[in-house]
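*Asks:* Okay, here's the prediction I keep looking at, along with the sequence it came from:
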Amino acid sequence: MRYKPFDLPKGFLLGSATASLQIEGGDTNNSWYRWCEKGKIKDGSHCIAADDHWNRVGEDIGLLKKMHHQVYRMSIEWSRIQPEPEEFDKDAMEHYRNEILALKKAKIEPLVTLHHFSNPLWFEDMGGWLHPDAPYIFNYYTKYMVQHLGDLVTDWVTINEPNVYLLFGYLQGIWPPGEKKLGKYLRGAVNMIAAHTLAYRTIHEMRKLMMYDDGETKVGAAYHTRVHEPASERKGDKRMAGIVDRLFERIFVTGMTEGKLIFPLRGDLPYDPGRFSDFMGINYYTRGFVKFVWNPAKMFMEIFDNPDCEKNDLGWEIYPEGIYRVCEKYYKMYPMPVFITENGTCDAEDAFRADYIYSHLAQVKRAIDDGIDIRRYYHWSTLDNFEWLEGLSARFGLAEVDYSRNRRRTLRDSGKFYGEICKRKSVNQGMIDKYLKKKKRG
Ligand code: IFM
């Protein structure tokens, strides 16, 4: 690759993202704790300690400061806040309030996610996202959160990657609750869309009641987006790529942005169609190739990675142009501000992360120059963490966590590089010489 310096707009905001279950540790009241206890994690690790972030908030905000972040995306662990259906934990609430106060003191603006893959056990046991009351139960929790954080937090993500959560948990059965039925995936989708629309209105209404200017409140969802490339020019492959796009992304994006259910979703939503997003939250990592196969057991599709390309530690293709393509696609559909709510890579050796950051941000810059209104970029992730089914061995962090030695944090070279980008909002020749293509993969 040829590297060229570039500048990002001065008003562009940069930071990184985490999720509570992946970093906090110490909570046994959630669906992922139970999944780990069942021995389901590939590398045998467990989320119970994770990064011990719960006890190291100050130290981790130190990392954000060192990397000159302007923004930080974090999530709230629902099971801590509402350990039982009718019980809210004031101490847990106080903990998050203090964390957010500390972020604001450091001049780092939080973007708070209310649901990031994990559920309280009582919710899971009553049927989780398939329960007809799930959207209203989630709204009850949302109300409590806004009551207690509404004076500090303007920016909210209601639900992270509903598509991935439902695909793995309800169709492939590899995440909790381990279901394998398309009907359940679709039912869960309707309920998550309904929950988002309720939460969207709740957050706006409550903040208005608190006398905040409604234009300041920003609420959206974070979608896992991919480029769904047809495996060939054949009609069947093209059509199947369109079906995958619809089932995996479009039904969620349309549902949560317009409050409208599109085929094959059926049912009622709590409100008439309208506006239910203030920004488009795009999580982008890679692309997949889609092939039509005559096999009903596989839902007539095969999805595979490009066999011939650069890949990360998990075998995901590194495809920077994809971030441009997904932003362009969704901005054409919904011309509203875009936040890249996640983008990052798994690279234990830190051999190509700096490159990955450079090449993806260069595409973001290109998209901005082409008129796409991208306002923020949150790198995934601040520090190594519990990568769900992959466990602790998959390393996505700008900072390394040493799990064998008291979870010591060390900023990687890519983290230093990213910190300089956050500070300058540009990549200059000195940074190119210092950080890029210094290391080769072993
Ligand atoms: O770690 C996850 C995150 O929780 C959701 N988006 C993708 C990341 C990397 O797989």
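*Replies:* Cool, the structure landed. Note that the coordinates shown come from a computational prediction; the quantities given were computed from them, not determined experimentally.

*Asks:* Return the list of helices and strands in contact with the longest helix belonging to the chain.
*Replies:* For the chain, the longest helix by residue count, based on DSSP state H, is helix 182-209. Contacts defined by 3 or more C-beta pairs under 8 Å, 6 or more residues apart in numbering; DSSP states H and E place helix 182-209 against helix 134-149, strand 155-160, helix 162-166, strand 218-230, helix 251-258. Backbone N, C-alpha and C define where each C-beta goes, glycine included.

*Asks:* and the helix or strand of the chain with the lowest mean pLDDT, what does it pack onto?
*Replies:* Sorting the helices and strands of the chain by mean pLDDT, DSSP states H and E puts strand 301-304 at the bottom, at a mean of 94. Judged by 3+ C-beta pairs under 8 Å, 6+ apart, strand 301-304 is in contact with helix 235-245, strand 280-292.

*Asks:* what lines up beside that strand in the sheet?
*Replies:* strand 280-292 (antiparallel) (DSSP bridges).

*Asks:* If we go by neighbour counts, what in the strand it pairs with is buried?
*Replies:* 280-292 (16 or more other C-beta atoms under 10 Å).

*Asks:* now, among those residues, which is nearest to Leu186?
*Replies:* Proximity of the buried residues of strand 280-292 to Leu186 (C-beta to C-beta) peaks at Val290, which lies at 19.3 Å.

*Asks:* will you turn the helices and strands packed on strand 301-304 into CSV that also has distance to the ligand?
*Replies:* CSV is the format used below for these (distance: least, C-beta to the nearest ligand atom, whole Å):
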stretch, distance to the ligand
helix 235-245, 18
strand 280-292, 5
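
*Asks:* could you redo the ones you listed as CSV and give each row distance to Tyr334?
*Replies:* As requested, the helices and strands packed on strand 301-304 are exported to CSV (distance: least, C-beta to C-beta, whole Å):
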stretch, distance to Tyr334
helix 235-245, 15
strand 280-292, 6
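
*Asks:* of all those, which lies closest to Ser45?
*Replies:* Using C-beta to C-beta, the nearest of those to Ser45 is strand 280-292, at 21.2 Å.

*Asks:* now that closest one against strand 218-230, angle please.
*Replies:* Here the directions of strand 280-292 and strand 218-230 differ by 20 degrees (axes from the mean of the first three to the mean of the last three C-alpha atoms, to 10 degrees).

*Asks:* between strand 280-292 and helix 235-245, how big is the angle?
*Replies:* Here strand 280-292 runs at an angle of 150 degrees relative to helix 235-245 (the same axes, to 10 degrees).

*Asks:* that older thread, how far does the longest helix of the chain sit from its chain's centre?
*Replies:* Remark: helix 182-209 is offset 17 Å from the chain centroid, using C-alpha atoms, centre = their mean, to the nearest Å.

*Asks:* quick one, that helix and strand 218-230 angle?
*Replies:* Between the axes of helix 182-209 and strand 218-230, defined by the same axes, to 10 degrees, the angle is 150 degrees.

*Asks:* So which bits of the least confident helix or strand of the chain are buried?
*Replies:* 301-303.

*Asks:* contacts with the ligand among these, please.
*Replies:* Counting by C-beta under 6 Å from any ligand atom, the subset of these that neighbours the ligand is empty.

*Asks:* In a markdown table: these, plus distance to Glu229.
*Replies:* Shown next, in a markdown table, are the buried residues of strand 301-304 (distance: C-beta to C-beta, whole Å):
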| residue | distance to Glu229 |
| --- | --- |
| Met301 | 13 |
| Glu302 | 13 |
| Ile303 | 10 |
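
*Asks:* wait, which of those is closest to the ligand?
*Replies:* Minimum distance to the ligand across those is 16.0 Å, recorded for Ile303 (C-beta to the nearest ligand atom).

*Asks:* Which strand residues bridge that closest one?
*Replies:* Bridge pairing for Ile303 - DSSP bridges - gives Val290.

*Asks:* how about it, what does it touch?
*Replies:* Counting by C-beta atoms under 8 Å, 6 or more residues apart in numbering, Ile303 touches 244, 288-291.

*Asks:* same check, this time on Pro120
*Replies:* Taking C-beta under 8 Å, 6+ apart as the contact definition, Pro120 lies against 29-31, 78-79, 82-83.

*Asks:* Point out the most buried one among the helices and strands packed on helix 182-209.
*Replies:* For the helices and strands packed on helix 182-209, the largest average neighbour count (mean count of other C-beta atoms under 10 Å) is found in strand 155-160, namely a mean of 25.

*Asks:* so what does that strand touch, helix or strand wise?
*Replies:* Short answer (3+ C-beta pairs under 8 Å, 6+ apart): strand 155-160 packs on strand 71-75, strand 109-115, helix 182-209, strand 218-230.

*Asks:* a markdown table for the ones you listed, including mean pLDDT and distance to the ligand?
*Replies:* Shown next, in a markdown table, are the helices and strands packed on strand 155-160 (pLDDT from 0 to 100; distance: least, C-beta to the nearest ligand atom, whole Å):
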| stretch | mean pLDDT | distance to the ligand |
| --- | --- | --- |
| strand 71-75 | 99 | 9 |
| strand 109-115 | 99 | 10 |
| helix 182-209 | 98 | 15 |
| strand 218-230 | 98 | 6 |
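
*Asks:* of all the ones you listed, which lies closest to Asp308?
*Replies:* Asp308 sits nearest to strand 218-230 of all the helices and strands packed on strand 155-160, at 13.3 Å, using C-beta to C-beta.

*Asks:* Output the closest one as CSV, restricted to C-alpha atoms.
*Replies:* This file holds the C-alpha atoms of strand 218-230, laid out as CSV (Å, rounded to 0.1, in the frame of the first residue of the first chain):
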residue,chain,number,x,y,z
LYS,A,218,-29.1,11.8,19.9
VAL,A,219,-30.4,8.2,19.8
GLY,A,220,-29.7,5.4,17.4
ALA,A,221,-28.8,1.8,17.1
ALA,A,222,-25.5,0.2,16.1
TYR,A,223,-25.8,-2.2,13.2
HIS,A,224,-23.3,-4.9,12.2
THR,A,225,-22.8,-4.1,8.6
ARG,A,226,-21.0,-6.1,5.9
VAL,A,227,-20.5,-6.0,2.2
HIS,A,228,-22.5,-9.0,1.0
GLU,A,229,-20.7,-9.8,-2.3
PRO,A,230,-22.3,-12.3,-4.7
